[in-house]
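**Q** just the structure for this:
(chains A and B)
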Amino acid sequence: MSRPMTGAQIVLEALADQGVEHIFGYPGGAVLPIYDALFQQDRIKHILVRHEQGAVHAAEGYARSTGKVGVVLVTSGPGATNAVTGLTDALMDSIPVVCITGQVPTHLIGNDAFQECDTVGITRPCTKHNYLVKDVNQLSTVMHEAFYVARSGRPGPVVVDIPKDIQFAEGNYAGLSNSQHKSYRPAVEGDEAAVAAAVELMSNAKRPIFYTGGGIINSGPLATERLREFVRLTGYPITSTLMGLGAYPASDKQWLGMLGMHGTFEANNAMHDCDVMICIGARFDDRITGRLDAFAPGSKKIHVDIDRSSINKNVRVDIPIVGDCAHVLDQMLRAWKAKNLKVDKPALKTWWDQIDTWRARKSLHYRKRDDVIMPQYAIERLYALTRDKDVYITTEVGQHQMWAAQFFHFDEPNRWMTSGGLGTMGYGIPAAVGVQMAHPDSLVIDIAGEASVQMTMQEMSTAVQYDLPIKIFILNNEYMGMVRQWQELLHGGRYSHSYSEALPDFVKLAEAYQAVGIRAEEPSELDDAIREMLATPKPVIFDCRVDKHANCFPMIPSGEAHNNMLLGDDLTDDDLQNAITEEGKVMV
Amino acid sequence: MAQPGSAYSLQTTVEKPETHTMSVLVDNEPGVLARVIGLFSGRGYNIESLTVSETEHEAHLSRITIVTTGTPMVIEQIKNQLDRLVPIHSVTDLTVLGHPIERELAMVKVAGKGEKRVEALRLAEAFRAQVIDASTEHFVFEITGRQSKIEQFIVLMQPLGLVEVCRTGLAAIARGPEQM
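**A** Here you go, the predicted structure:
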């Protein structure tokens, strides 16, 4: 069925047919026809952000907390270039986003027109795919294809660049169709022979470990369900990347905590000493593997990933399985049961005994203090006081992000929104806006640092405008903490430009935005202050003054293997100075 | 040299680089070549030769032939990275299929008089190069063949008054009756 309408109406019709309820955007000359069409309808609600980067992060938070595609609408030129950081972030973390950009009229393209930029050229390497629509009759097909590409296979951001004359032009709207895409058809089922070989290898394992990632979350609730069933069925230990937190409940006894550079002692040692690694929906990123030639030596590796190019990219694996996590886990479970496979119980007992000795090191231990709030303590208290609540956490990037990952425990997926791959400071506030929009009655907290939070602070204004009661919980140590930590370890304690000398008064800043500001300076007042924040039905900026010199441990130093970690409580100054080799210092 | 360890992936095993010829079937649409080339430059892969032309007009399909070098792991990455680009229909590693038929066309301009001119013409005949333009002072030869043959011809023309060369880059197809 096709109906004539303007390009701008086609865009909104396609969004409605795709089930879109909310879009995040900022108007400008080259998208005015679409904003005009938005004004004349009430199916789609538009959230006006304060900067286009914020629009994309908000759409990411919306997408990651709901499993839907996040939608962004921005203008040409600076609107598009401001969106680039968010698009790259979504690409690195595989978040489905459709970003509609206005473009100067077709006849002006290439003329250096006002607010013109080569949007498809600029966004080509930072999107999964992009389109420049030059024919209004192609617009609906392109819109539907954009949603298909964004959510299928390994999800990612897609840009649709629409010149202004195309938005005005009349054309035919084609609704959803069931026709297959001509070239992009990612495999979802895994190869049965590989699945059979994988479960066979797993059942013979003496020291197995599940290593899971964001792919489980992206795959959806079924993947989480099957993963939990499989892990419990086998009794094997499980660890996860930063992006995969929540897929397996952190309160379960088989959970070892996060792995990688700031992962737990038990998770990293178990990875190093395992004989069978079952990697599902993770990609052997450098923050996970540490030194590659010392990564899990002597282990056989199974790798399940929907993106074939993730396989054998950094680490050679023995059994690759290309497919969707939920489907492949289902296949593995069925194969395991059909063959009536058993685990090697005595070996597994020995393995767990070994893991328990690593656990006994209590690698997340830190020294509590009475005179100053330790940042770890602040997150522990935040976690304790929100346990009975329906809570979603976003973060910025840095020490606070790692402490949040270590000390705030997730039992469910889609509750943890963080910038993992790109490491974008400023992600947290706009992401919280997006999450709160999707879950208006839930508690949404951005665990932040005072440096990151200033990068997108303007989105507080968005939160106030739409009555989104997000809580910005700032661990304020007056430093770019992770930069300072690296300077301490790598650059002889020369703290080059990592100290913020002129911080705003965050309480007054909150008030200036017509939000609520709360400050806690002493451990004794922390709990009450957190309770006050939770009881406030408005956006809150919480200025939590923490120890200025706390470092984030445990840590795998640059150039080291998983079994050579720095632990926090037994470090001397000499250890810190000698922790990283000269060669390691060259690399970040 | 001792292996400098690092949190970033340094090359830990030194594999020998291999040269592979790939045939990539793509939608003939604006920007598709930029996607392929951008992938190679963005991820640091080599392009030794790249040719592209529409091969199926009705279906709007173009065929790109790429010659690239890399370690076996990088070659595998290149294929997988290309394969996940949305407008790419298929990626075939012709080298893995076994000794593909490879041809290149070159146009070679040679200027000279007397003995050198005669010698150039004689060599061109030996190489089955065609004369496609000529005056009393120059020839333009068209030569088709494997790259080694073309390179050899160019070397021979050098002392005989070689002016300039234009080459198409490699076109390649798999042997046997099957479609790729």
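
**Q** okay, now residue 119: neighbour count?
**A** You didn't pick a chain, so chain A it is. Using other Cβ atoms under 10 Å in any protein chain shown, A:Thr119 has 29 other residues around it. For every residue, glycine as well, the C-beta is placed using N, CA and C.

**Q** wait, chain B was what I had in mind.
**A** 17.

**Q** so in that sheet, which strands flank whichever helix or strand A:Tyr173 is part of, and in what orientation?
**A** Using DSSP states H and E, A:Tyr173 falls within strand A:170-174. Here strand A:170-174 has these sheet partners by DSSP bridges: strand A:2-6 (antiparallel).

**Q** now do the buried residues in the helix or strand following the strand it pairs with.
**A** Using DSSP H and E, the next helix or strand after strand A:2-6 towards the C-terminus is helix A:7-17. Neighbour counts over helix A:7-17 (16 or more other Cβ atoms under 10 Å in any protein chain shown) mark A:Gly7, A:Ala8, A:Gln9, A:Ile10, A:Val11, A:Leu12, A:Glu13, A:Ala14, A:Leu15, A:Asp17 as buried.

**Q** the helices in the stretch 351-500 of chain A, which residues?
**A** With DSSP state H, counting those that start in this stretch as the criterion, the stretch 351-500 of chain A has helices at A:375-385, A:399-407, A:428-438, A:459-465, A:481-490.

**Q** should've said chain B
**A** For chain B, helices defined by DSSP state H occupy the ranges B:32-42, B:72-83, B:94-97, B:114-126, B:147-157.

**Q** got the buried residues for the strand holding A:Tyr173?
**A** Those buried within strand A:170-174 under the rule 16+ other Cβ under 10 Å are A:Gly171, A:Tyr173, A:Ala174.

**Q** next one: stretch B:51-71
**A** Within stretch B:51-71, the residues scored as buried using 16+ other Cβ under 10 Å are B:Thr51, B:Val52, B:Leu61, B:Ser62, B:Arg63, B:Ile64, B:Thr65, B:Ile66, B:Val67, B:Thr68, B:Gly70.

**Q** identify the farthest-apart pair in those.
**A** Across the buried residues of stretch B:51-71, the longest distance by Cβ to Cβ is 26.2 Å; it joins B:Leu61 and B:Gly70.

**Q** what ranges do the strands span in chain B?
**A** Under the criterion DSSP state E, strands of chain B are mapped to B:18-27, B:49-56, B:61-70, B:88-93, B:101-111, B:130-134, B:138-145, B:162-167, B:171-173.

**Q** using CSV, write out every CA atom in the third one.
**A** Listed next in CSV are the C-alpha coordinates belonging to strand B:61-70 (Å, rounded to 0.1, in the frame of the first residue of the first chain):
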residue,chain,number,x,y,z
LEU,B,61,26.1,-5.0,-9.2
SER,B,62,29.7,-4.1,-9.4
ARG,B,63,32.7,-6.3,-9.0
ILE,B,64,35.7,-5.1,-7.1
THR,B,65,39.0,-7.0,-7.4
ILE,B,66,41.4,-6.3,-4.6
VAL,B,67,45.0,-7.5,-4.2
THR,B,68,46.1,-7.3,-0.6
THR,B,69,48.9,-8.5,1.6
GLY,B,70,48.8,-9.5,5.3
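
**Q** give the other helices and strands that that strand contacts.
**A** Here strand B:61-70 touches strand B:18-27, helix B:32-42, strand B:49-56, helix B:72-83, going by 3 or more Cβ pairs under 8 Å, 6 or more residues apart in numbering or on different chains; DSSP states H and E.

**Q** got a list of what A:Ser299 touches?
**A** Contact analysis of A:Ser299 by Cβ atoms under 8 Å, 6 or more residues apart in numbering or on different chains lists A:Cys274, A:Asp275, A:Val276, A:Met277.

**Q** closest to A:Asn269 out of the helices of chain B?
**A** Nearest of those to A:Asn269, taken as Cβ to Cβ: helix B:72-83 at 27.4 Å.

**Q** other SSEs contacting that closest one?
**A** For helix B:72-83, the packing partners by 3+ Cβ pairs under 8 Å, 6+ apart are strand B:18-27, helix B:32-42, strand B:61-70, strand B:88-93.

**Q** now these in JSON lines, with mean pLDDT and distance to A:Tyr35?
**A** Converted to JSON lines, the helices and strands packed on helix B:72-83 look like this (pLDDT from 0 to 100; distance: least, Cβ to Cβ, whole Å):
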{"stretch": "strand B:18-27", "mean pLDDT": "97", "distance to A:Tyr35": "32"}
{"stretch": "helix B:32-42", "mean pLDDT": "96", "distance to A:Tyr35": "30"}
{"stretch": "strand B:61-70", "mean pLDDT": "97", "distance to A:Tyr35": "38"}
{"stretch": "strand B:88-93", "mean pLDDT": "96", "distance to A:Tyr35": "35"}
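
**Q** hang on, the earlier thing: which one of the helices of chain B is the most hemmed in?
**A** Mean neighbour count (mean count of other Cβ atoms under 10 Å in any protein chain shown) peaks for helix B:72-83 among the helices of chain B, with a mean of 19.

**Q** by how many degrees do that helix and helix B:32-42 diverge?
**A** Helix B:72-83 runs at 150 degrees relative to helix B:32-42, counting by axes from the mean of the first three to the mean of the last three Cα atoms, to 10 degrees.
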